[in-house]
Structures are given as C-alpha cells and as structure tokens.
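Asks: Build me a model:
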Amino acid sequence: MKIRVYYEDTDCGNVVYYANYLKYMERSRTELMREHGIHLADLHREGYLFAVVHADIRYRASARYDDVLTVESEVSEMTSVSIVFRTTIHNEHGTLLVVGDVKLACINSKGRACRLPAMIKAHLGS
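Replies: All right, here's what the predicted structure looks like:
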C-alpha cells in the first residue's frame, strides 16, 4: 500500500516520528487481512480480538515530509493462537527504511488467549 507522509507525521526536523511507523504497519496488516476477506470488525463482533504482544522494529533510514512510502506486510509465522506479521517500508526511490515484526495474540472479550479463527488460518496460513 502507498502512504504519503504528511506534516503531522513528522517531528521538528521534518523526519517521520519513529512511533508513526507502527501506525503504518497497522494499516498495512489490516489491509492485508481485508484483501484476504478477513474483516476485523466482523471478528470483533464474533468475540475475537487481537492484542500486540511483541514488536521488533529496525530503522534503517528516515522518511521525510511529502515522501510516498510503500508499506508491505506478510505473515511470517502463525501458531494456533498468534500470528506474526513482517512489514517492510520503502521510500519512492526503493530505499529500505524500516523492517518490523509484530506478533498479535488472539484473545477473547475477557482478555484470555484463544485459538485463531479457522478462516484466518485458511486465508493467511501456509
């Protein structure tokens, strides 16, 4: 997916504020799921929620105001109760800016771990 960097995304040096990459990663993995017919709002209504339990981000170069970024996510690991998304972010020149892994645990409405819905494994599993 493409994301343009707006002024609100940057710090006082017109560089993307580090925490905003997490937002870009969230959007990318949500869109990946949507592309595979998985809608988080539907899963929430069914009682499935997802909690970030680990994030590992490696910053390699900075994005700046008005850059157009390419943000791509893929599933790198899946267990019966969790899923890890690997996300890469490049600028319009193809420079790798960020690589990140985010692990989500499937939980119920009481905050307890539960099995991933079968449809997630069917659509995103290997």
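
Asks: wait, what's in contact with Gly47?
Replies: Asn108, Ser109 (CB atoms under 8 Å, 6 or more residues apart in numbering). For every residue, glycine as well, the C-beta is placed using N, CA and C.

Asks: Against Ile107, how distant is it?
Replies: To Ile107, Gly47 is 10 Å away according to CB to CB, to the nearest Å.

Asks: Make sure His44 is indeed in a strand.
Replies: No. Read with DSSP: H, G, I helix; E, B strand; the rest coil, His44 is helix and lies in no strand.

Asks: Just list the residues touching Ser76, thanks.
Replies: Residues in contact with Ser76 (CB under 8 Å, 6+ apart) are Val84, Phe85, Arg86, Asp101.

Asks: Quick one: the helices in this structure, in order.
Replies: Assigned helices in the chain, in chain order: 20-35, 40-45, 118-124 (criterion: DSSP state H).

Asks: out of those helices, deepest packed?
Replies: helix 20-35 (a mean of 17; mean count of other CB atoms under 10 Å).
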